[in-house]
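Asker: Here you go, sequence then predicted model.
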Amino acid sequence: MVVAEVVTVTDELRNGYDVVVFGGGAAGLSGALTLARARRSVVVIDSGAPRNAPAEGVHGLLARDGVPPAELLERGRTEVRAYGGHVVTGEVGDVARGDGMSLRSEHGGDFEVTLTDGRSVRARRLLVATGLVDELPDVPGLHARWGRDVLHCPYCHGWEIRDQAVGVLATGPLSVHQALLFRQWSDDVTFFSHTMPPPAGEEAEQLAARGIRVVEGEVASLEIADDRLVGVRLGDGTVVGREALAVSPRMVARAGFLTSLGLRPAAHPSGAGEHIPSDAAGRTEVPGVWAAGNVTDLVAQVGGAAAAGAAAAAQINADLVAEETRQAVAAHRDPFSPESEARVCEVVAGNRRHGL
């Protein structure tokens, strides 16, 4: 439930936050909401280019099935702001470790985040939820239909194309599996081998047993009429009538800005693309940095991404609580130590303190 209060929308950044969240999709906003409700200072930096923007609705999301993606994100931004969180439009250019202006621990550290427009902000922890980029085959007409009648996820779009003539464009090792999945929603499925060798052995037998026709030959283009897909044209001019086309894109994490931290995308075990590896809690190999959503889990749907964002946020808050507790215990044991004096000086004087 959204807190009943006046929410001020601003693109202004504070000097620093407990957590900076990269990406304002389901994972990022869910994480920010959890952190804001935990009374953490948090800002979401979002470029405004969600992966699912072309889709008419978000499906399979409990109590919000069919909600337009833009509406879902706007509701999420409103909820984050209602609890004191900030949502800022911008694109991250670089992330670096801090220069010692704030206290750090072995469990993480302060980070300096620089946006492409020159703005910068400091953070104690980072949550990376920038999602991924779908790299589609270079087939004329394919990109323009993406998210409409050119699809990839049967659980997101299968119901909407049920009982239609469905094509599956082979692009990689998961394409046969994709064809078998879409067979659940339609008994008229055609597999286009395109530039890949036609299925053989067990895979060929599986497709035949399920009544999935295999068409060999490279796909040259899509046939469109009245703003609808009506067929797939092969290189020899043959047109195979289809109403929807499933494609497995190569999915690549949006995370180039993390290279300065030594955090780079790695090949996903499925062979479907590249992701930022993380453990079950979202913790990456770089202390202080968590990841959630499609940037680390290539196949996560909106509901799963939101849940992962909330789970990672809880882990981040627990990590900050542990750090603050260690500092409190140290101060309690020796209230006049150099470390205690430094912390007090930092709180009171900030960047104006001696030596800076």
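Answerer: Here it is on my side, so go on. Residues are numbered from 1 along each chain as shown.

Asker: got the contact list for residue 77?
Answerer: Contacts were defined as CB atoms under 8 Å, 6 or more residues apart in numbering; by that measure residue 77 touches 24, 29, 44, 87. Heads up, the C-betas are built off the backbone N, CA and C, glycines and all.

Asker: with these in mind, which one is nearest to residue 265?
Answerer: Nearest to residue 265, judged by CB to CB, of those is residue 24 at 20.3 Å.

Asker: Return the per-residue confidence for that closest one.
Answerer: With respect to pLDDT, residue 24 has a value of 97.

Asker: so it sits right up against residue 73, yeah?
Answerer: Yes: look at residue 24 against residue 73 with CB atoms under 8 Å: they come within range, at 6.6 Å.

Asker: In which helix or strand does residue 331 reside?
Answerer: helix 302-333 (DSSP states H and E).

Asker: repeat for residue 167
Answerer: strand 166-169.

Asker: What residues sit buried inside that strand?
Answerer: Using 16 or more other CB atoms under 10 Å as the test for burial, strand 166-169 gives 166-169.

Asker: Kindly report the same for stretch 215-222.
Answerer: Judged by neighbour count (16+ other CB under 10 Å), stretch 215-222 contains these buried residues: 215, 219-220, 222.

Asker: picking that back up, next, show the common contact partners of residue 24 and residue 73.
Answerer: Taking CB under 8 Å, 6+ apart as the contact criterion, the common neighbours of residue 24 and residue 73 are residue 50.

Asker: picking that back up, could I get the buried residues of stretch 215-222 in CSV, plus columns for secondary structure and pLDDT?
Answerer: Shown next, in CSV, are the buried residues of stretch 215-222 (DSSP: H, G, I helix; E, B strand; the rest coil; pLDDT from 0 to 100):
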residue, secondary structure, pLDDT
215, strand, 97
219, strand, 97
220, strand, 97
222, strand, 97
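
Asker: Can you tell me which of those lies closest to residue 93?
Answerer: Checking the buried residues of stretch 215-222 against residue 93 with CB to CB, the nearest one is residue 222 at 36.4 Å.

Asker: Identify the residues contacting the closest residue to that closest one other than its chain neighbours.
Answerer: Spatial nearest neighbour of residue 222, excluding adjacent residues (CB to CB, 6 or more residues apart in numbering): residue 141 at 3.6 Å. The contact partners of residue 141, by CB under 8 Å, 6+ apart, come to 221-222, 224.

Asker: Nothing else from me, thank you.
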